[in-house]
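> requesting a structural model of the entry that follows:
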Amino acid sequence: MKPESHPKVQQVQAALHAGGVDVTVREIDKATPTALAAAEYLGCEVGAIANSLVFLADGSPILVLTSGAHRVDTAALAGRIGADAITRATPDDVRAATGQVIGGVAPVGHPSPVRTYLDVALKAYDEVWAAAGIPASLFPISYADLLRVTGATEVEVD
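Predicted coordinates for the structure are as follows:
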């Protein structure tokens, strides 16, 4: 990573290294704010993109790391994690919970821990890709490392 990298990207890189994950975050030449855009940029399956989506579960923020091939059925997810209701977070909620903007939310590097859930469908890929704090950033990671570094709870996501 270049020294003049965006501060959010530097935070994510530092969090990955602190968690024992030896990958290099890449700042890229265009924003890839959706799983489809990231997959097209990388030339990989959309399912190999780990979307970092913030929701409110009973009013508290949660981070759902889901395969780019999935939409999140919030009612089904609520049942699986024991929440009464899950609603979409606003852009302000996302920034408050993660310190990052929609389209660039990383699985790590947040100002304080966010309860995190990891879509087990991502296990199907040897390597998954996630955003790194800004929409024009990506990094590769294994499912096992993503699970470990985030402290996530595994869950099925529809």
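> where along this structure do the strands fall?
For the chain, the strands defined by DSSP state E occupy 26-27, 50-57, 60-67, 86-88, 115-119, 128-130, 137-141, 153-155.
> looking at those strands, which is buried most?
Among the strands of the chain, strand 128-130 has the highest mean neighbour count (mean count of other C-beta atoms under 10 Å), at a mean of 25. Glycine gets a C-beta too; all of them are placed from N, C-alpha and C.
> residues in contact with it?
The contact list for strand 128-130 (C-beta atoms under 8 Å, 6 or more residues apart in numbering) reads 38, 42, 44, 48-50, 52, 65, 106-107, 122, 138-143, 146.
> do stretch 90-104 as well
Residues outside stretch 90-104 that contact it (C-beta under 8 Å, 6+ apart): 8, 11, 31, 33-34, 52, 54, 56, 61, 63, 89, 105-106, 109-111, 114, 131-137.
> report the contact partners of the residue most central in space within the chain.
Computing the C-alpha centroid of the chain and ranking residues by C-alpha atoms, centre = their mean puts residue 52 first, at 2.7 Å. Going by C-beta under 8 Å, 6+ apart, residue 52 touches 63, 64, 65, 98, 105, 106, 107, 130, 131.
> run the last query once more with 10 Å
If you count contacts by C-beta atoms under 10 Å, 6 or more residues apart in numbering, residue 52 has them with 63-66, 94, 98, 100, 102-108, 110, 114, 116, 130-133, 150.
> distance of residue 143 relative to residue 106?
Distance of residue 143 to residue 106, given as C-beta to C-beta, to the nearest Å: 16 Å.
> between these two, who's got more neighbours?
The neighbour count for residue 143 versus residue 106, taken as other C-beta atoms under 10 Å, is higher for residue 106 (30 against 21).
> and the gap between residue 74 and residue 149?
Relative to residue 149, residue 74 is positioned 25 Å away (C-beta to C-beta).
> which residues are in contact with the closest residue to residue 158 other than its chain neighbours?
Excluding the flanking residues, the one nearest residue 158 by C-beta to C-beta, 6 or more residues apart in numbering is residue 73, at 4.1 Å. When the contact criterion is C-beta under 10 Å, 6+ apart, the partners of residue 73 are 79, 80, 86, 156, 157, 158.
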